[in-house]
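Peer 1: just the structure for this:
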Amino acid sequence: MGSYFKIEFKRGLSSKSFIGAIIIGFVIVMIHQIFVDRFIAYGSGSAYMFATGFDDNYMLTQLYYLLFPIMVALAGSDLFGEDDRSGIYYITRSRVSKKNYFTVKITLSFILGGLAFAFPLVIEMWGLLMFYPADSPDIFLQISPVEYGDLFASLFIHTPLLYWLNFLLFGFMYGGVYAWIGFLTSLFTNNKYLVLLMPFCVYYGLWVILSLFGYPEWSPFGFLTPAQGYTTISLSVILFQLIVSIILCLTIMIGKCKNEFV
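Peer 2: Alright, predicted model coming up:
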């Protein structure tokens with residue numbers, strides 16, 4: 001299975017859909033770096049003040065997280081659907097067992113979805129750290145993207161890189177989960193547009209429903225940005241949703257693959 005995984009991983013990385021998702025992310029962060037306000041009224045500049053995700057009032061920060069489900073779906077949701085529509089599935093199954101095939105596809109769906117979200121942000125931060133200090137801005141000044149009382153605020157004060165890595169990890173994991181939502185859809189229909197649209201619908205549907213009940217910060221759109229728009233973001237909610245989503249997606253995918261595909 002190891003050699004098959006390597007082949008499929010290379011195929012996934014070179015696919016037009018994955019490259020398209022990465023390009024979308026890079027375009028957003030590049031435009032962000034061109035137009036972000038670099039004027040510092042107090043204190044000194046910091047890499048974390050100019051990175052995508054650290055200004056919840058800036059349009060391009062919102063755009064990156066608005067397009068989050070589209071990016072991850074393009075990267076990892078249609079791996080099986082593409083094989084099914086082209087007939088590659090049946091050719092591959094003549095050489096690879098069903099268990100190994102779906103194990104590799106499900107694993108790659110998660111990884112590629114997470115990479116589509118994280119990779120442009122990693123390259124952006126690497127570039128910023130070459131030109132700006134890695135220190136966190138004074139949390140008590142208005143220029144700080146993280147305020148006293150926010151989740152992990154003390155971590156941002158002492159080790160801002162670790163703070164950023166935590167939110168990058170959250171984004172990677174949720175990117176994998178939302179890619180799985182599209183992958184799960186592909187097990188029921190080979191309609192590519194529906195496969196790509198389903199993560200988008202779940203992402204915004206959850207945000208709308210929770211907003212109606214007064215808890216928008218409980219949706220991924222509300223808690224994935226490092227510049228927290230709410231002081232009531234809860235780590236337990238983030239982890240609970242993540243664990244439940246992983247268990248639910250895996251249970252349905254494994255059951256569907258085990259019982260209904262030859």
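Peer 1: show me where the chain has helices.
Peer 2: For the chain, applying DSSP state H gives helices covering 2-13, 16-35, 47-50, 59-66, 68-76, 79-86, 88-93, 98-131, 153-158, 160-186, 192-212, 220-223, 235-260.
Peer 1: tell me the average confidence for the first one?
Peer 2: To tie it back to what came earlier, the one meant is helix 2-13. Averaged over helix 2-13, pLDDT sits at 90.
Peer 1: one more: the last one?
Peer 2: Helix 235-260 shows a mean pLDDT of 91 in the predicted model.
Peer 1: list the buried ones in it?
Peer 2: The neighbour-count check on helix 235-260 (16 or more other Cβ atoms under 10 Å) flags Val237, Ile238, Gln241, Leu242, Ser245, Cys249, Met253, Cys257 as buried. C-beta here means a position set from N, CA and C on the backbone, and glycine is covered the same way.
Peer 1: for the third one, give its distance to Gly12.
Peer 2: By that I understand Gln241. According to Cβ to Cβ, to the nearest Å, Gln241 and Gly12 sit 26 Å apart.
Peer 1: now swap in the second one and tell me
Peer 2: Counting by Cβ to Cβ, the gap from Ile238 to Gly12 is 27 Å.
Peer 1: likewise for the last one?
Peer 2: Shown here: Cys257 relative to Gly12, a distance of 18 Å by Cβ to Cβ.
Peer 1: low-confidence ranges, the protein, go.
Peer 2: Per-residue confidence of the chain (counting by pLDDT under 70) places the weak regions at 37-45, 55-61, 137-144, 230-231, 260-262.
Peer 1: which residue is nearest the centroid of it?
Peer 2: Centroid-nearest residue in the chain, with Cα atoms, centre = their mean: Gly175, separated by 3.0 Å.
Peer 1: gap between that one and Ala118?
Peer 2: 7 Å.
Peer 1: then Lys16?
Peer 2: 20 Å.
Peer 1: return the set of buried residues in stretch 166-176.
Peer 2: Asn166, Phe167, Leu168, Phe170, Gly171, Phe172, Met173, Tyr174, Gly175, Gly176.
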